[in-house]
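*Asks:* attaching a predicted model along with its sequence, questions to come.
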Amino acid sequence: MKQSIYTLLLFFQIAVLPAQENTSFCATQTISDEWEMEFQKLVTQYKKSRTTNIVYQIPVIFHIIHGGENVGVFPNIEAQQVNSQIVVLNQDYTGTGLNVEDYPANAFVNWAINQSIPSGNLDNLGRIKIANSEIQFCLAQVNPSGIPLSEPGIERINYIEKGWQNPNVFANNQDLRNFIDNTVKPQSIWDATKYLNIWVTDKSDALNSKGFATPPPLSGLSGIPANATTSLNDGVWCYAKSVGSYLIYPAGIYVNTDVSGRLLTHEIGHWLGLRHIWGDGNCLSDFCNDTPSQADPSAGNPTYPQGVGSCSSPSNAPDGEMFMNFMDYTANPSMYMFTTDQVTRMQTAMANSPQRNQHGTHGICSGLAVSENSFSNKIKIYPNPTTDFVMIEDKDNQINFIEIYTVLGQMIAKTSEKNISFDQSAKGIYWLKVYFKNDEMQFFKIVKN
């Protein structure tokens, strides 16, 4: 929504209050004015300097906190439930997730005209575009010591063995957050410059919040004054029954059958610098010009248009509020989009935050140092990206065999052929694990467009 940042920041100091606990599933704290003003400078620089968005791949480690229960017994959720969450994130952050086809054919067309939204933020129908963030997620394959994980992307931690309290004993959201931030995180976090840490626990049924995240730290700035993002607390907490997707893995343990993985889509949005779409106050700003003003958080499964005229400065008429945005509080099936300006914020965070800008550069998704044809003295792989096949040039016949993996670390093929077809494969990132005859091994990233 378009408003003067300096006027709004002054107003925030007076008017912004935390979201009401009885309407909020998100306990992420409001970003400070100081952080936002500095971040806006970086957004402006990013818009001036970029030619295209960068494709990022973020390694994820889920720290599953349990009390000795067997795997598959709550809260010690199964790997398949975690895997389904990665599928959801990769769909949602590319604009291809559940129910995108429900986006109304005339969604925000007239509002976009009234607000002079740039054509680059619109789709071919003139609607506010469902944007592709160019950010992907993978299950970490190795721990910080480089040792392969028996379950990719998962560390299981018994809180009893750690001498911690059961997370479900805390009677209010702030006490639970203090426990997670001050006890659990510092004793279990993996290097935040390399991993997106997600802590998964039980909680008291009396607490309505199901997740919270830390914002991207900026050099010399505190992010949130009362709880600064540091190397010891950076990441996301999530209620175990809100992880994953019932539609993808119905054998999991969920709050209800509507759980579609959107809680973590929302919280990771905060981790990447996004604000709630209503600006955490009545008709305040999320600093994205292509999201209409909104009076309050949405709930349930609204119908379009919702809340027409609920805000007047700037007006959201005649199309109302963007309840289908991931940064609202709508039910999982009814949220399915990020906008172009939201993507700009996420890309700015990934390019500038010291605990974001090195993600994907350490080979954690593959288990070894990642090469994109850096072993050109041995082999060459082309074309990459590809739309149908890749050729492997191996002049000295050094390759023994090749394994092909999805971004989730699942092997889908093993071959000794050097013309590999991806014609029937879905778009996304794949890994070639190349075994050489001298017993060396190397991973190569392949992008299928």
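*Replies:* Arrived safely, thanks for sending.
*Asks:* Val82 should be in a helix, yeah?
*Replies:* Yes - when DSSP: H, G, I helix; E, B strand; the rest coil is applied, Val82 is found to be in a helix.
*Asks:* who's in contact with the residue nearest to it when sequence neighbours are not counted?
*Replies:* Excluding the flanking residues, the one nearest Val82 by Cβ to Cβ, 6 or more residues apart in numbering is Phe62, at 5.3 Å. Quick note: C-beta positions are derived from backbone N, CA and C, even for glycine. Going by Cβ atoms under 8 Å, 6 or more residues apart in numbering, Phe62 touches 82, 153-155, 198, 200, 243.
*Asks:* go with 10 Å
*Replies:* By Cβ atoms under 10 Å, 6 or more residues apart in numbering, the contact set of Phe62 is 77, 79, 81-82, 85-86, 139-140, 151-156, 196-200, 236, 238, 240, 243, 264.
*Asks:* also Gly244?
*Replies:* Counted by Cβ under 10 Å, 6+ apart, Gly244 has contacts 77-78, 80-88, 200, 252-254, 259-261, 263-264.
*Asks:* buried subset of these?
*Replies:* Buried residues within those, counting neighbours by 16 or more other Cβ atoms under 10 Å: 77-78, 81-88, 200, 252-254, 259-261, 263-264.
*Asks:* quick check: Met346 touching Pro216?
*Replies:* Yes - assessed by Cβ atoms under 10 Å, Met346 is found in contact with Pro216 at 9.2 Å.
*Asks:* what's the overlap in contacts for the two?
*Replies:* Residues touching both Met346 and Pro216 by Cβ under 10 Å, 6+ apart: 271-273, 356.
*Asks:* just the buried residues of these.
*Replies:* Buried among the shared contacts of Met346 and Pro216 (16+ other Cβ under 10 Å): 271-273, 356.
*Asks:* top strand in the protein by residue count?
*Replies:* strand 56-66 (DSSP state E).
*Asks:* send me that one as PDB with only the CA atoms.
*Replies:* Taking Å, rounded to 0.1, in the frame of the first residue of the first chain, the C-alpha atoms of strand 56-66 are listed here in PDB:
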ATOM      1  CA  TYR A  56      18.300 -18.600  -4.300                       C
ATOM      2  CA  GLN A  57      18.200 -22.000  -2.700                       C
ATOM      3  CA  ILE A  58      17.900 -22.100   1.100                       C
ATOM      4  CA  PRO A  59      19.000 -25.100   3.100                       C
ATOM      5  CA  VAL A  60      16.500 -26.000   5.900                       C
ATOM      6  CA  ILE A  61      17.000 -27.900   9.100                       C
ATOM      7  CA  PHE A  62      14.000 -28.900  11.200                       C
ATOM      8  CA  HIS A  63      14.900 -29.300  14.900                       C
ATOM      9  CA  ILE A  64      12.100 -31.600  16.000                       C
ATOM     10  CA  ILE A  65      11.800 -31.300  19.800                       C
ATOM     11  CA  HIS A  66      10.200 -34.400  21.500                       C
END
